[in-house]
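Participant: when you get a sec, could you give me coordinates for this:
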Amino acid sequence: MDMLRIALLGSGYIGKTYAESIAKYNTRGKLAVIAGGRRAPGLAAEYGADYEATYESVLARKDVDAVLIATPHAVHKEQVIQAAEHGKHVLVEKPMATSKADCTAMIEACRKAGVMLEVIQTLRFRGTLVRAKQLIDEGKIGKIRMVRGSALFTTYVIGDKPWAALPENGGAFLDMGVHNFGILRFLTGAEAKRVYSQVTTFDARPYPGLSGMTQIHFDNGVMGQQWMSYELPSPNLPNHAHRYIVVGDKGILDIDGYGKLLLGSGDQWELIWEQPAMDYINRPMEPQRLEAFYNQTQAFIDDVLDNRPPTVSGEDGRAAVEIVEAAQRSSQTGQAVELPL
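Facilitator: Now for the predicted structure:
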């Protein structure tokens, strides 16, 4: 097989993002079919793909090798298992599912069927984070001791995604938390062993878990912290949409997922790279925003066609969900939670 024929399930903001990425930027991949959501017929026509009215009809097609699932979180488990049972490789949006148990069921279904399962963690493919990981692996800051992340906003629900904050889809803390905790694992190269967290919503809004502070002990001794909130007052803190500080015994990295990567070493700071400005609200299809998305879809395509290990595995997706689950349990009990759950 020299071309991966992909069906896209989901036609919202993120669905269009992947349609644009596959159709215009990826090699060895073809956007064959689009289904799911009221905008699917129009999106299929825009990108020259076939439209299917049901997921079942998508899976029945012999000219579909893989499914990219960009649907509400609560339905991921069922949709991934169905795809596996039909012999389709799967790239599924984060969060992989709403519980560790569901993630495990998805992993086992894909393993049994002999198909590739990968989980979207777009931040791993952002320019500052890719370069930060390279610096860490090269030993530029020595042995990691501490890592701190922040994801701070003044409001929740951007665009057409209000369903993400609803309890059945895991709420805002899961929706953002898998991003944050996935990046902490990525940067440290370690697994969480103990989690203590406080998660709440301060304002009178119908969304649970809009703010959270989490302390993580990693199995390699690294101390980790993550601060997430959608409830900061204006003007917010600048450059904190996805900000990570990594402290080693020889240096420091200051990583802005949407801005600058700075290396602190030898009593000075050095600018390593800066992300070109992007406007994901008004100009979401600009190349500088899409780069992380099409790099992840390209990795998936190449992994399947070249029979490589998954770049972001089901186990990676599950680990991020597990930390969220542990943090929520810790907040409910007031006690630290040991992992694995």
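Participant: quick check: L341 touching K100?
Facilitator: Yes - with contacts counted by CB atoms under 8 Å, L341 reaches K100, the gap being 5.8 Å. Yep, even glycine has a C-beta here, placed from its N, CA and C like the rest.
Participant: so which of the two has more stuff around it?
Facilitator: K100 (21 against 14; other CB atoms under 10 Å).
Participant: next one: the more buried one from G314, what distance?
Facilitator: Note on K100: its distance to G314, by CB to CB, to the nearest Å, is 12 Å.
Participant: what about the helices in the stretch 51-200 of the chain?
Facilitator: Here the stretch 51-200 of the chain has its helices, by DSSP state H, counting those that start in this stretch, at 55-59, 76-85, 100-113, 127-137, 171-188.
Participant: looking at those, which is closest to E286?
Facilitator: Judged by CB to CB, the one of these that comes nearest to E286 is helix 127-137, at 14.0 Å.
Participant: give me the angle between the closest one and helix 171-188.
Facilitator: Using axes from the mean of the first three to the mean of the last three CA atoms, to 10 degrees, the inter-axis angle of helix 127-137 relative to helix 171-188 is 40 degrees.
Participant: how far away from the center of its chain is helix 127-137?
Facilitator: 17 Å (CA atoms, centre = their mean, to the nearest Å).
Participant: can you list contacts of that helix?
Facilitator: Residues from elsewhere that reach helix 127-137, judged by CB atoms under 8 Å, 6 or more residues apart in numbering: 123-124, 141, 144, 183, 186-187, 189, 244, 246, 248, 253, 255-261, 263, 272-275, 291-292.
Participant: with adjacent residues omitted, what lies nearest to Y230?
Facilitator: Among residues not flanking Y230 along the chain, Y156 sits closest, at 3.9 Å (CB to CB, 6 or more residues apart in numbering).
Participant: OK, contacts around A319?
Facilitator: Taking CB under 8 Å, 6+ apart, we find A319 in contact with F181, G182, R185, E191, A192.
Participant: roughly how far apart are it and F186?
Facilitator: For A319, the distance to F186 - CB to CB - is 10 Å.
Participant: again with E338
Facilitator: Separation of E338 from F186 (CB to CB) stands at 22 Å.
Participant: in terms of neighbours, single out the busier of the two.
Facilitator: Using other CB under 10 Å, the more surrounded residue of E338 and F186 is F186, with 21 against 12.
Participant: my read: the more buried one touches R124, true?
Facilitator: Yes - counting by CB under 8 Å, F186 touches R124, with 5.5 Å between them.
Participant: Q79: neighbouring residues, count only.
Facilitator: 21.
Participant: quick one: low-confidence ranges for the stretch 101-250 of the chain?
Facilitator: Along the stretch 101-250 of the chain, segments meeting pLDDT under 70 span 157-161.
Participant: just so I have it, where are all the strands in it?
Facilitator: Assigned by DSSP state E, counting those that start in this stretch, the strands in the stretch 101-250 of the chain fall at 117-119, 144-152, 192-200, 211-218, 223-229, 243-248.
Participant: domain parsing for this structure?
Facilitator: Using automatic domain parsing, the domain parsing of the chain gives 4-122+291-311, 123-284+320-338.
Participant: deepest of the ones you listed, which one?
Facilitator: Of all the domains of the chain, domain 4-122+291-311 carries the top mean neighbour count, a mean of 20, counting by mean count of other CB atoms under 10 Å.
Participant: run the chain-centre distance for that domain.
Facilitator: The answer for domain 4-122+291-311 is 14 Å, by CA atoms, centre = their mean.
Participant: first-to-last residue distance for it?
Facilitator: 16 Å (CA to CA, to the nearest Å).
Participant: ditto for stretch 54-69
Facilitator: Length of stretch 54-69, first residue to last, CA to CA: 13 Å.
Participant: for it, give me every contacting residue.
Facilitator: Counting by CB under 8 Å, 6+ apart, residues outside stretch 54-69 touching it are 1, 4-10, 18, 22, 32-33, 35-36, 52, 76, 79-80, 82-83, 86, 88-93, 116, 297, 300, 304.
Participant: so which of those residues are in strands?
Facilitator: 4-9, 32-33, 35, 89-92 (DSSP state E).
Participant: turn these into JSON lines, including distance to K62 and pLDDT.
Facilitator: Listed next are the ones in strands among the contacts of stretch 54-69 as JSON lines, based on distance: CB to CB, whole Å; pLDDT from 0 to 100:
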{"residue": "L4", "distance to K62": "14", "pLDDT": "98"}
{"residue": "R5", "distance to K62": "10", "pLDDT": "98"}
{"residue": "I6", "distance to K62": "14", "pLDDT": "98"}
{"residue": "A7", "distance to K62": "12", "pLDDT": "98"}
{"residue": "L8", "distance to K62": "18", "pLDDT": "98"}
{"residue": "L9", "distance to K62": "17", "pLDDT": "98"}
{"residue": "A32", "distance to K62": "11", "pLDDT": "98"}
{"residue": "V33", "distance to K62": "12", "pLDDT": "98"}
{"residue": "A35", "distance to K62": "16", "pLDDT": "98"}
{"residue": "H89", "distance to K62": "14", "pLDDT": "98"}
{"residue": "V90", "distance to K62": "17", "pLDDT": "99"}
{"residue": "L91", "distance to K62": "20", "pLDDT": "99"}
{"residue": "V92", "distance to K62": "22", "pLDDT": "98"}
